[in-house]
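Student: The following block contains a protein sequence and its predicted model.
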Amino acid sequence: MSKTKPKSLTFGRCLYSFEYQQQRYWLKTQTFNIHPSVEAGFLNELDFYQQFLDQANSSKCMPEFLLPFQVISDLKHLTGLQEPGNAALILSDANVLLGNSAEMSLQQIKQTLLKLLDAVNQLHRSGWIHGDLKREHLVEYQNRACLIDFEQAQKISSSQNLKNLTATPRYMAPELFQGAHKTVQTDIYALGIVLYEWLSAQRLSAGNYQDWAYLHCQQLNIELPQHFSLFEPCLRGMLAKQKAQRFNDIYTIKQTLITEIV
C-alpha cells in the first residue's frame with residue numbers, strides 16, 4: 001500500500017507499507033534523475049545501512065539503535081512492484097517513541113529519555129552523526145529506542161558537510177546558521193529541541209529561515225510546565241546557544257538526568 005506524500009512523489013520518492021508473515025514493514029525507494037539532492041540523501045542512507053550490514057557480516061552483531069532492515073539492490077526482484085528505482089530499503093514497522101508526556105509519570109519520562117539517549121549514544125560511538133534528528137525519526141521497537149531516516153548521516157570524522165543535503169531549520173543549532181559543520185553537539189541541540197517541544201506540549205514556530213535563525217541564535221528561552229521543571233537543567237545544557245557551553249556528549253546528558261531526577 002502506497003504511503004507516499006504528494007510532495008515526495010514530485011521528488012521521485014515512494015514509500016510503501018506492507019505485511020509479510022504477519023509482520024508489518026516499510027519499503028522506501030527513489031526514482032533518479034528527478035531531484036539531485038533528494039536522490040543524494042537516499043543514496044547516503046543506503047550507504048549508511050550497507051556499512052553496518054558489512055560490519056554485521058563479520059562481527060555477527062547489529063547495533064541496537066537500528067531497526068531490522070534489508071537493502072534491496074534491484075527492485076525487479078520484488079514481485080508486484082513496478083517502480084523504476086534501482087534500489088530500496090525495507091524496515092520493520094515500529095511504534096512512536098515519544099507519546100503524550102502529560103500522561104506519563106516523571107519516572108516514565110526519565111526511562112524513555114534514557115533509552116533514547118542510549119540509542120543516540122550508540123550512533124555517536126559508532127562514529128556517526130545523525131544530522132536530522134526530529135520526533136518522527138525516533139521510534140520504539142521491542143522495548144528499545146531506535147533511530148530512522150539517515151539521509152543526512154555523516155561520519156563524525158568528516159571535515160565538511162554534505163553540501164547537497166539540507167538541514168531542518170526547526171532543529172538547527174545556532175552555529176549551523178553561521179555556516180559551521182555538523183557535529184555531535186548539533187545532534188545534541190536538535191535532540192534538545194525535540195525534547196523541549198515534547199515536554200512543553202507546544203511546537204516552536206517561525207515564519208521563514210531568517211526567523212528561525214533569530215529564534216535559535218537569540219530568542220529561545222527554556223521554560224517547562226512546573227511539574228516538568230526538573231528536566232530544565234538537562235535541556236539548558238543541550239540547548240545552550242554557544243557551542244562551548246553546550247553538553248559535549250550524550251554521557252554528560254545522561255549523568256545530568258540521573259543526578260537531577262532520582
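Tutor: Cool, the structure landed.

Student: Phi and psi next, for residue 183.
Tutor: phi -140, psi 180 (degrees, to the nearest 10).

Student: how much space between it and residue 88?
Tutor: Here residue 183 is placed at a distance of 31 Å from residue 88 (CB to CB, to the nearest Å). Every residue, glycine included, has its C-beta placed from N, CA and C.

Student: go on, residue 260?
Tutor: With distances taken as CB to CB, residue 260 is found 44 Å from residue 88.

Student: who has more neighbours, those two?
Tutor: Neighbour tally, residue 260 and residue 88, criterion other CB atoms under 10 Å: the higher count belongs to residue 88, 23 against 14.

Student: The stretch 51-200 of the chain: strands as residue ranges?
Tutor: Applying DSSP state E, counting those that start in this stretch to the stretch 51-200 of the chain gives strands spanning 69-72, 88-92, 95-96, 128-129, 138-141, 144-147, 154-155.

Student: most tightly surrounded among those?
Tutor: Ranked by mean neighbour count under mean count of other CB atoms under 10 Å, the strands of the stretch 51-200 of the chain are led by strand 128-129, which reaches a mean of 24.

Student: Report all helices and strands that that strand contacts.
Tutor: strand 154-155, helix 184-200 (3 or more CB pairs under 8 Å, 6 or more residues apart in numbering; DSSP states H and E).

Student: Comparing the ones you listed by mean pLDDT, which bottoms out?
Tutor: Comparing mean pLDDT across those, the weakest is strand 154-155, with a mean of 94.

Student: returning to that earlier point: could I get the strands of the stretch 51-200 of the chain as a markdown table with distance to residue 226?
Tutor: Putting these into a markdown table (distance: least, CB to CB, whole Å) gives the following:
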| stretch | distance to residue 226 |
| --- | --- |
| strand 69-72 | 42 |
| strand 88-92 | 39 |
| strand 95-96 | 26 |
| strand 128-129 | 34 |
| strand 138-141 | 26 |
| strand 144-147 | 27 |
| strand 154-155 | 39 |
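
Student: so which of those strands gets nearest residue 216?
Tutor: strand 128-129 (18.0 Å; CB to CB).

Student: what does that closest one rub up against?
Tutor: For strand 128-129, the surrounding residues in contact (CB atoms under 8 Å, 6 or more residues apart in numbering) are 48, 123, 150, 153, 154, 155, 156, 182, 183, 184, 186, 187.

Student: Touching, the fifth one and residue 131? I think so.
Tutor: Yes: Residue 154 sits in contact with residue 131 when judged by CB atoms under 8 Å, with a separation of 5.8 Å.

Student: Out of the helices and strands packed on strand 128-129, flag the one nearest residue 167.
Tutor: helix 184-200 (8.4 Å).

Student: could you point out which element follows that closest one?
Tutor: helix 209-214 (DSSP states H and E).

Student: Show me which positions of the helix or strand just after that following helix end up buried.
Tutor: Going down the chain from helix 209-214, the next helix or strand is helix 232-238, by DSSP H and E. By 16 or more other CB atoms under 10 Å, the buried positions in helix 232-238 come out as 234, 235, 236, 237, 238.

Student: and the first one, how far is that from residue 193?
Tutor: In this structure, residue 234 lies at 13 Å from residue 193, with CB to CB as the measure.

Student: okay, residue 77: pLDDT?
Tutor: At residue 77, pLDDT is 54.

Student: for residue 258, same thing?
Tutor: Confidence at residue 258, expressed as pLDDT, is 89.

Student: what's the neighbour count on it?
Tutor: Neighbours of residue 258 using other CB under 10 Å come to 12.

Student: helices or strands up against the helix or strand harbouring it?
Tutor: Per DSSP H and E, residue 258 falls inside helix 250-260. Contact analysis of helix 250-260 by 3+ CB pairs under 8 Å, 6+ apart lists helix 106-125, helix 184-200, helix 232-238 as its packing neighbours.

Student: could you give the mean pLDDT of the shortest one?
Tutor: What helix 232-238 shows for mean pLDDT is 96.
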